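Novice: here is my input, please return the structure:
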Amino acid sequence: MGLVLLLGAVSGVLILQLERRTIHSVALESSPHKDLSLVWQRAAMAERDILPLYGSSELAKHFGNEPQHFFAGYPTGFAVSPVGRGGCTSLILAEKIAAAAGEAPHGRKLAISLSPSWFFHGEAHHRWYVGNFSAAQASALIFSPRLSLELKRAFAHRMLDYPDSVEHAPVLAFALHRLDGQRWVDTAFYHAVTPLARMQETLARLGDHFAFAWHILHDHDRSKAAPRAAAPLDWEAILASGEGEQPVHLKGPVKEYAPRFVGSRQFAKVLGESREWDDLELLLRVTHELDLDPLLLSIPIDYPYYESSGVTRASLDQYLAHLHALADRYDVALVDFASLP
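Specialist: Reported below is the predicted structural model:
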């Protein structure tokens with residue numbers, strides 16, 4: 001047994017060294033494994049010259065101008081590490097960020113891409129949440145020693161709206177129900193099960209380390225890594241090169257996540273009652289308690305698409321007004337691209 005433990009410890013040290021040497025090339029990749037991983041995201045979060053970018057389907061689609069490719073050569077001293085795929089809304093992103101930043105230094109910068117269409121639904125579709133859920137990431141949040149008990153209670157209450165997501169994670173499910181309870185005994189049981197949960201997290205992280213090492217050794221193509229080429233960016237030329245491009249306004253069923261409305265009144269009701277606002281606030285509370293420095297990037301609203309169903313521009317702009325108010329409340333930087341056509 002002692003020899004097994006020794007070999008395990010030596011293997012762990014070698015894998016950690018491998019991760020530190022290669023994270024700058026694999027951080028730019030986008031994959032489901034990375035989205036659900038603790039190790040991969042934490043390794044990227046630990047590097048000051050890698051900017052984690054969290055978002056949804058816009059990070060998984062290939063438009064030819066993805067940020068991880070634009071900054072691949074570290075032209076201004078940093079590269080971008082994308083995390084996210086279709087259906088990753090605020091609650092899922094909060095879980096990912098809390099898990100990835102559990103040991104991140106104070107003041108760590110990151111960017112978060114928000115889709116207005118999330119807030120144009122009453123609630124995120126069940127398949128969006130469950131399809132992107134990671135029990136390991138959720139556990140890292142729920143048992144985080146850096147997050148307040150009050151915030152973890154708020155997350156537990158919200159996560160229990162999707163009970164089937166934890167049906168195969170009994171310790172996590174038990175903790176969520178205890179946190180959601182109001183009695184002192186519930187809190188006591190939560191604290192009692194915390195050591196077991198952290199032991200499970202350690203074992204899961206060990207498997208995650210080996211999976212990451214396997215990817216580096218067998219799946220990662222080192223030849224695709226761009227060489228570093230530090231140079232000032234000519235933003236005027238870059239912006240001028242894109243002036244001839246016209247936005248494409250997709251209609252009908254092609255816009256899978258964009259709902260149709262019957263006028264501004266219905267839109268205003270859905271926008272005002274959307275639970276996505278509460279989920280985004282939970283995310284911002286996570287960044288505040290972990291002392292992170294997030295930049296919110298709101299994807300431009302497709303005005304023609306929504307105006308075709310009778311929603312006025314003034315009604316649509318209420319999304320931006322509400323978003324700015326929330327960002328101001330938490331003293332978070334926000335870029336809304338409202339000036340774009």
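Novice: what helix or strand is P82 located in?
Specialist: strand 79-83 (DSSP states H and E).
Novice: what comes up buried for the following helix or strand past that strand?
Specialist: Counting by DSSP H and E, the next helix or strand C-terminal to strand 79-83 is helix 90-100. For helix 90-100, the neighbour count (16 or more other Cβ atoms under 10 Å) marks 90-100 as buried. Yep, even glycine has a C-beta here, placed from its N, CA and C like the rest.
Novice: so where is the stretch 201-341 of the chain shaky, pLDDT-wise?
Specialist: The model of the stretch 201-341 of the chain has pLDDT under 70 over residues 219-226, 242-260, 262, 340-341.
Novice: 80 - rerun?
Specialist: 209-231, 233-235, 238-262, 339-341 (pLDDT under 80).
Novice: which stretches in it count as strands?
Specialist: 293-298, 333-335 (DSSP state E, counting those that start in this stretch).
Novice: check which strands are paired with the shortest one and give the direction for each one.
Specialist: Okay, so that is strand 333-335. strand 293-298 (parallel) (DSSP bridges).
Novice: the partner strand: how far from the chain's middle?
Specialist: Relative to the chain's own centre, strand 293-298 is displaced by 11 Å; criterion: Cα atoms, centre = their mean, to the nearest Å.
Novice: what's the angle between it and helix 90-100?
Specialist: On the basis of axes from the mean of the first three to the mean of the last three Cα atoms, to 10 degrees, strand 293-298 is oriented at 150 degrees to helix 90-100.
Novice: residues making contact with strand 293-298?
Specialist: Strand 293-298 is contacted from outside by 55, 107-114, 116, 284, 287, 320, 323, 327, 332-337, using Cβ atoms under 8 Å, 6 or more residues apart in numbering.
Novice: what do you get for stretch 140-155?
Specialist: So stretch 140-155 is contacted by 38, 94-95, 98-99, 102, 156, 172, 175-176, 179-180, 187, 194, 197-198, 201, 282, 285-286, 289-290 (Cβ under 8 Å, 6+ apart).
Novice: distance check, the spatially closest residue to G77 that is not a sequence neighbour against P232.
Specialist: Of all residues not flanking G77 in the chain, D49 sits nearest, at 6.1 Å (Cβ to Cβ, 6 or more residues apart in numbering). Using Cβ to Cβ, to the nearest Å, D49 is found at 17 Å from P232.
Novice: so which of these two has more stuff around it?
Specialist: Taking neighbours as other Cβ atoms under 10 Å, D49 and P232 compare with D49 leading, 12 against 7.
Novice: I figured the more buried one was touching P75, is that so?
Specialist: No. Taking contacts as Cβ atoms under 8 Å, D49 lies outside contact range of P75: 11.8 Å.
Novice: overlap in contacts of those two?
Specialist: In contact with both D49 and P75: no residue, using Cβ under 8 Å, 6+ apart.
Novice: excluding chain neighbours, what is closest to A229?
Specialist: Using Cβ to Cβ, 6+ apart, the closest residue to A229 is G73 (4.1 Å).
Novice: SS state for the one you found?
Specialist: G73 carries the three-state label coil when classified by DSSP: H, G, I helix; E, B strand; the rest coil.
Novice: quick one: it and L28 touch, right?
Specialist: No. G73 is not in contact with L28 according to Cβ under 8 Å; the separation is 10.4 Å.
Novice: where's V171 relative to D279, distance?
Specialist: From V171 to D279 the distance is 24 Å (Cβ to Cβ).
Novice: got it, and R205?
Specialist: Taken as Cβ to Cβ, the span from R205 to D279 is 26 Å.
Novice: who has more neighbours out of these two?
Specialist: When neighbours are counted by other Cβ under 10 Å, R205 and D279 differ, and D279 comes out ahead with 23 against 17.
Novice: in the stretch 51-200 of the chain, which spans are strands?
Specialist: Under DSSP E, counting those that start in this stretch, the stretch 51-200 of the chain gives strands at 79-83, 109-114.
Novice: return the most buried member of the ones you listed.
Specialist: When you average the neighbours per residue for each of the strands of the stretch 51-200 of the chain (mean count of other Cβ atoms under 10 Å), strand 79-83 leads with a mean of 26.
Novice: please report how far A156 lies from L53.
Specialist: 28 Å.
Novice: same check on F155?
Specialist: In terms of Cβ to Cβ, F155 sits 23 Å off from L53.
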